[in-house]
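Enquirer: What follows is a predicted protein model with its sequence.
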Amino acid sequence: MISRKPRILAGVQARIGSKRLPAKMLEYLGQYRILEWVLLRTSRAVMLDQIVLLTSAAPENRILGEIAANLSIPTLYGSEDDVLSRFVHAAKQFNADYVVRVCADNPFIAPEEIDRLVRFYLDRLPDYAFNHIPEMGNAYPDGLGAEILSSTVLERIATSSSEPRHREHVTQYLWDHRRQYRIETLKAPEEIAFPDVKLDVDTREDRGRCAREFCWRVTRRWRSRFRGRRIVAKRER
């Protein structure tokens, strides 16, 4: 049991290499590159004590570290494929009690939904909680939220997992062994409860759709400071 105020770390997972959309972190959506969107919006979550960019030590990823540094966000470089080890190292490096996982292909991640997730988690303390995807009836859009677990659970799955897919996809081990772990989610607020809406960027088509349907209408007025409900409202019209 933690007697002091728990320390909450957000790890933003990113790399240049992508099979479907190479170098997508450097693609522009409106006035910002995708990685800049993620870092700027994550940094506005008030429940986080520290944000760190977690990327591969491959030389091509140095530019991502430069982008983060320009926003006063540190970077840790680690394994290309063992992404789980990046998060374990970050939790130790920053003495984190709880770790929030943020995927950098979610440019419109909502800081208020990160905060809602963290408060939900701290109130209930499951092994793992999420609101980044529409699962378990939570009605969330794909790409507005995040995931959270304790550093203890993170180390436990790192010790238990050996399959390459469990090392690459950080929380997949929990889903594949869900009977052993308490997994919880929360209901999306009514104004963003559109589980069919997809806001992550995996392909060039996704990038074009986001630029066409969201950026020019929403970000021109609010820049990066809009709430999730505004982006979903534009999509649902």
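Expert: On my side now, so go ahead. Note that the structure is predicted; figures quoted are calculated from it, not measured.
Enquirer: Was I right to think Asp127 contacts His177?
Expert: No - if you go by CB atoms under 8 Å, Asp127 and His177 don't touch, sitting 10.2 Å apart. (Each C-beta comes from the backbone N, C-alpha and C, glycine too.)
Enquirer: Give me the more crowded residue out of those two.
Expert: Shown here are Asp127 and His177; by other CB atoms under 10 Å, Asp127 has more neighbours (17 against 14).
Enquirer: so what's that one up against?
Expert: Residues in contact with Asp127 (CB atoms under 8 Å, 6 or more residues apart in numbering) are 149-150, 153, 174, 181-183.
Enquirer: Burial check on Gly228, number of neighbours?
Expert: Look at Gly228: counted by other CB under 10 Å, it has 25 neighbours.
Enquirer: How about Glu190?
Expert: With other CB under 10 Å as criterion, Glu190 counts 8.
Enquirer: go on, His132?
Expert: His132: 26 surrounding residues under other CB under 10 Å.
Enquirer: Setting aside sequence neighbours, what's the nearest residue to it?
Expert: Nearest non-adjacent residue to His132, counting by CB to CB, 6 or more residues apart in numbering: Gly145, 4.2 Å away.
Enquirer: Quickly note the distance from Met136 to Tyr32.
Expert: Distance, Met136 to Tyr32, by CB to CB, to the nearest Å: 32 Å.
Enquirer: between those two, which one's more packed in?
Expert: Each of Met136 and Tyr32 has its neighbours counted (other CB under 10 Å); Tyr32 has more, 19 against 13.
Enquirer: mind listing what Pro111 touches?
Expert: 41-46.
Enquirer: what's the pLDDT at it?
Expert: Predicted confidence (pLDDT) at Pro111: the value is 96.
Enquirer: do Asn131 as well
Expert: pLDDT, read off for Asn131, is 98.
Enquirer: mind pulling up the phi and psi values for it?
Expert: With angles defined as degrees, to the nearest 10, Asn131 shows backbone torsions of phi -150, psi 20.
Enquirer: hang on, isn't it packed against Val118?
Expert: No - applying CB under 8 Å as the test, Asn131 and Val118 come out as separate, 10.2 Å apart.
Enquirer: Have a look at the two and say which one is more surrounded.
Expert: More crowded of Asn131 and Val118, by other CB under 10 Å: Asn131, with 26 against 22.
Enquirer: Skipping adjacent residues, who's closest to that one in space?
Expert: Gly145 (3.3 Å).
Enquirer: I'd like to know how many residues surround the one you found.
Expert: Close neighbours of Gly145, defined as other CB under 10 Å, add up to 30.
Enquirer: Pretty sure it sits in a helix.
Expert: No - assessed with DSSP: H, G, I helix; E, B strand; the rest coil, Gly145 is coil; it does not lie in a helix.
Enquirer: Quick check: it vs Pro59, distance?
Expert: In terms of CB to CB, Gly145 sits 32 Å off from Pro59.
Enquirer: Averaged pLDDT, stretch 30-40. What do you get?
Expert: Mean pLDDT, stretch 30-40: 92.
Enquirer: Pull out the buried residues from it.
Expert: With burial defined by 16 or more other CB atoms under 10 Å, the residues of stretch 30-40 counted as buried are 30, 32-40.
Enquirer: Next up, phi/psi of the residue nearest the centre of the chain, please.
Expert: Centroid-nearest residue in the chain, with CA atoms, centre = their mean: Val102, separated by 1.4 Å. Per-residue torsions, Val102: phi -120, psi 130 (degrees, to the nearest 10).
Enquirer: right, and it touches Trp37 too?
Expert: No - counting by CB under 8 Å, Trp37 is not a contact partner of Val102; they are 11.4 Å apart.
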